[in-house]
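In: What follows is a predicted protein model with its sequence.
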Amino acid sequence: MEFQSGESDQKKILLVEDDGIIAFSEKLTLEKNNFDVVLASTGEEAVALMNGRDDIDMVLMDIDLGRGIDGTAAAELILEKQEVPIVFLSGHTEKEILDKTDKITSYGYILKSAGETVLLASIKMAFRLFNATMSIRKKEKILEDNEFFFRESQKAGRIGSYKHYFESDLWEGSETLDEIYGIDSNFVRNIDSYYNKIVYPDDREKLHSAISECKKNKTPLDIQYRIIRVSDKSVRWIHSLADFRFHDDGSPFYIVGTTKDITNFKTAELKLQKNEVMLRSILDTIPQHVFWKDLNSVYLGCNMALAKSIGIPDTNSIVGKTDFDIPNFKPEAESYRADDEFVMKNNSPKFHIIEHVHSVDGEKLQIDTSKLPLYDADGNVYGMLGIYEDITDRMAAEKMIRNLLEEKNILLKEVHHRLKNNVAMISGFLALQLQDASDSTSRNVFEALTGRIKSLQILYECLLMSDDYEQLSVQEYFDKLITVIFDIYGDSDRISIHKEIDNFSVTTRKLTTLGLIVNEVISNALKYAYAGRGKGVLTVEVRTCGEVISVLIRDDGVGFNREQKCPEKGLGLTLIEMLVSQLGGTYSIRQNNGTEFSMECGF
């Protein structure tokens, strides 16, 4: 608390005096001059009064205090615990006493005989001296704190500082700089040792040229280069920033700056650059056209395929342009930007947009475009990525293929139509021949041939009516086939048909074989099973279960000779056996209140 003449705040003084009369007189003098006085008659009492108190602004201390500790001892005990100005007030003038008090405190020594004026002036001087001392200590503490903060900040940030005088060729650095360089106090700090022992050989000329250029142009230094750390010989990257100071005549005086170890950053940067080069190589290798834009549909970049297609020399030439600035894109620019806006505003990709673009030669090309939103690290959309492919040739080829397929289908239908007609003609010839047959053997032969031809004729009719020449409906085919066989052999008033045919499809080749088998079995049943019998029922079942086709044909006719395990093997049964084998299947014929034929084969 600085004492100033005329201050309104009252200073409190501890007066330590063992003589009661002198203490009372001095107290009156101090109180008359606006001081608040607290009395202590012994050194011990003074120490006790000061303990834990911060309202005492000054201590006036007598030296001789009776039988207890003297004033100098009391002063030392007080100063051990708190900072307060102590002024000795004594009658001693011996040099030894003065030297002793001077070692304890420097705020003054007043002779009791000096009088009121000297006393007051000395007190004021002591307050000023104390305030000045406190101010200096406060500044020293701030400076000390700043130095500590600066030193610790350098350590934490791995930032060292340095200063180099050009005339002496010497340099000095901070503790952190020594750690970065891997040197100790024994390292010779001159320019030759720095260049030859610390700077990486390939970067020495780079650093020398940069410093020379900055000195010449009087500009700050900002450079990244490599060093070889002295202690472990490891190669490190550093970033140096510095300012130059010049003499009045313009000649360089010294340079002061900072150095930061950026090895980790530089390693990551070099790795990123390598990845960018690889990514750019991939982008420029693929044939598709790739581009990316910002939220305003302004181009941020593209690959070489797109750059070449619009006639620009490199990928950077598109940066900052819009579709309206590019002649190839301008005619369709509104449509392009509408798709861009949809993708970015709705945060939703659009795939396979079929649109047009103009080539450098003015040709209108058809392209297949896909666009996706681009996200920043926080997941916010900051632009869009697009990729398109010229599909002009592909679309022309697909159109040609469709035309060829259409021609093939027409040709195939014509072939099937002619085959159907030829088969119908053969069937007609057989029907005429059947009418002229006079004996039963001939009639049987012609009827069998007619049935077999009819099975093929029905197949071709189904093919003509179908759009799929590879697969045909089993149910549709067998419904028609059974009807035709009954027309040839049957008597619908006497023999009824019970059909259970699943609705599924098989290949035309397999269906042809199945049709011939069913034709042989049903024809045989209609010819022989009901000879000399009244009414009967013929059951036909065609089922699928998993990958298996099963056929069951059962009549309730006379059956075959009971002494035989199966009917005699004639042409029809031989043909059935051959056809079942062709399908990779199995069959059986057994007596079951008539004759029952069953077979299985795979799809």
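Out: Received, thanks. Treat the numbers as computed from the prediction; the structure is a model and nothing was measured.
In: quick one, phi psi at the residue nearest the centre of the chain?
Out: Centroid-nearest residue in the chain, with CA atoms, centre = their mean: residue 377, separated by 8.3 Å. The phi and psi values for residue 377, taken as degrees, to the nearest 10, are phi -60, psi -20.
In: And the closest residue to residue 82 other than its chain neighbours, how far from residue 61?
Out: Leaving aside its chain neighbours, residue 82 sits nearest to residue 50 (6.8 Å; criterion: CB to CB, 6 or more residues apart in numbering). Where you see a C-beta, it was placed from the backbone N, CA and C, and this is true even at glycine. Distance from residue 50 to residue 61, counting by CB to CB, to the nearest Å: 11 Å.
In: ditto for residue 380
Out: On the measure of CB to CB, residue 380 and residue 61 end up 73 Å apart.
In: same check, this time on residue 76
Out: Distance check for residue 76 against residue 61: by CB to CB, it reads 11 Å.
In: Neighbour count: the two, which is higher?
Out: residue 61 (27 against 16; other CB atoms under 10 Å).
In: Where does the prediction get shaky in this protein?
Out: 1-8, 147-157, 407-469, 490-492, 560-570 (pLDDT under 70).
In: how about 50 then?
Out: 1-8, 464, 563-564 (pLDDT under 50).
In: Break down the stretch 351-500 of the chain into its strands, ranges please.
Out: 364-375, 381-390, 471-473, 495-501 (DSSP state E, counting those that start in this stretch).
In: Nearest to residue 287 among these would be which one?
Out: Using CB to CB as the measure, strand 381-390 is the one of the strands of the stretch 351-500 of the chain that comes nearest residue 287, at 7.6 Å.
In: strands paired with the closest one, and their directions?
Out: If you go by DSSP bridges, strand 381-390 pairs up with strand 289-294 (antiparallel), strand 364-375 (antiparallel).
In: can I get the CA coordinates of it in CSV?
Out: Output of strand 381-390 as CSV, limited to C-alpha atoms (Å, rounded to 0.1, in the frame of the first residue of the first chain):
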residue,chain,number,x,y,z
VAL,A,381,-23.0,-32.2,-47.6
TYR,A,382,-20.5,-29.8,-49.2
GLY,A,383,-20.8,-30.9,-52.8
MET,A,384,-21.4,-33.8,-55.2
LEU,A,385,-19.5,-36.4,-57.1
GLY,A,386,-20.5,-37.3,-60.6
ILE,A,387,-19.4,-40.0,-63.0
TYR,A,388,-20.7,-40.6,-66.6
GLU,A,389,-20.0,-43.0,-69.4
ASP,A,390,-20.5,-42.6,-73.1
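In: Name the residues of stretch 372-389 that are buried.
Out: 372, 373, 374, 383, 384, 385, 386, 387, 388, 389 (16 or more other CB atoms under 10 Å).
In: mind listing what the second one touches?
Out: The reference is to residue 373. Residue 373 makes contacts with 343, 344, 347, 348, 349, 381, 383, 384, 385, as judged by CB atoms under 8 Å, 6 or more residues apart in numbering.
In: Swap in 6 Å and give it another go.
Out: Shown in contact with residue 373 (CB atoms under 6 Å, 6 or more residues apart in numbering): 343, 344, 347, 381, 384.
In: show me what contacts the third one?
Out: When you say that, I think you mean residue 347. Neighbour list for residue 347: 373, 381 [criterion: CB under 6 Å, 6+ apart].
In: I'd assumed it was in a strand, is it?
Out: No - the assignment for residue 347, made by DSSP: H, G, I helix; E, B strand; the rest coil, is coil rather than a strand.
In: secondary structure element for residue 551?
Out: Taking DSSP states H and E as the definition, residue 551 sits inside strand 548-555.
In: And that strand, what's buried?
Out: Buried, per 16+ other CB under 10 Å, within strand 548-555: 549, 551, 552, 553, 554, 555.
In: circling back: same list (the contacts of residue 373) but as a markdown table, adding distance to residue 238.
Out: Listed next are the contacts of residue 373 as a markdown table, based on distance: CB to CB, whole Å:
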| residue | distance to residue 238 |
| --- | --- |
| 343 | 45 |
| 344 | 42 |
| 347 | 44 |
| 381 | 39 |
| 384 | 40 |
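In: so how far is residue 383 from residue 350?
Out: Distance of residue 350 to residue 383, given as CB to CB: 15 Å.
In: follow-up on the earlier one: distance to residue 184 added to the strands paired with strand 381-390, as JSON lines?
Out: Converted to JSON lines, these look like this (distance: least, CB to CB, whole Å):
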{"stretch": "strand 289-294", "distance to residue 184": "52"}
{"stretch": "strand 364-375", "distance to residue 184": "50"}
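In: any idea which of these is most buried?
Out: Of the strands paired with strand 381-390, the one with the most neighbours on average (mean count of other CB atoms under 10 Å) is strand 289-294, at a mean of 20.
In: any idea how far that one is from the chain center?
Out: 18 Å (CA atoms, centre = their mean, to the nearest Å).
In: Which helix or strand lies directly C-terminal to it?
Out: strand 299-302.
In: The stretch 501-603 of the chain: helices as residue ranges?
Out: 508-528, 571-582 (DSSP state H, counting those that start in this stretch).
In: Single out the most deeply packed of those.
Out: helix 508-528 (a mean of 21).
In: Now do that helix: which elements does it pack against?
Out: Contact here means 3 or more CB pairs under 6 Å, 6 or more residues apart in numbering; DSSP states H and E; on that basis helix 508-528 packs against helix 440-465, helix 474-489, helix 571-582.
In: Same question for stretch 19-37: list its buried residues.
Out: Neighbour-count burial for stretch 19-37, counted by 16+ other CB under 10 Å, picks out 23, 26, 27, 30, 35, 37.
In: List the neighbours of that stretch that are in contact with it.
Out: So stretch 19-37 is contacted by 10, 11, 12, 13, 15, 17, 39, 116, 120 (CB under 6 Å, 6+ apart).
In: switch the cut-off to 8 Å
Out: Outside stretch 19-37, the residues that touch it by CB under 8 Å, 6+ apart are 10-15, 17, 39, 41, 60, 62, 89, 112, 116, 119-120, 123.
In: Alpha carbons only: can I get that stretch in CSV?
Out: Extracted C-alpha coordinates of stretch 19-37, given in CSV (Å, rounded to 0.1, in the frame of the first residue of the first chain):
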residue,chain,number,x,y,z
ASP,A,19,9.8,2.1,27.7
GLY,A,20,6.2,3.1,28.4
ILE,A,21,6.7,6.9,28.5
ILE,A,22,8.7,6.9,25.2
ALA,A,23,6.1,4.6,23.6
PHE,A,24,3.3,6.9,24.7
SER,A,25,5.0,10.0,23.4
GLU,A,26,5.8,8.4,20.0
LYS,A,27,2.3,7.1,19.8
LEU,A,28,0.8,10.6,20.2
THR,A,29,3.2,12.0,17.6
LEU,A,30,2.1,9.3,15.0
GLU,A,31,-1.6,9.6,15.8
LYS,A,32,-1.4,13.3,15.4
ASN,A,33,-0.1,12.7,11.8
ASN,A,34,-3.1,10.4,11.0
PHE,A,35,-1.5,7.0,11.7
ASP,A,36,-3.3,4.2,13.6
VAL,A,37,-0.8,2.9,16.2
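In: just to revisit the earlier point, burial measure for the residue nearest to residue 82, as a count.
Out: Residue 50, neighbours per other CB under 10 Å, totals 23.
In: can you check residue 354 too?
Out: The tally of other residues near residue 354 (other CB under 10 Å) stands at 10.
In: which ones are touching it?
Out: 366, 367, 368, 369, 391.
In: Swap in 10 Å and give it another go.
Out: Residues near residue 354 by CB atoms under 10 Å, 6 or more residues apart in numbering: 366, 367, 368, 369, 391, 395.
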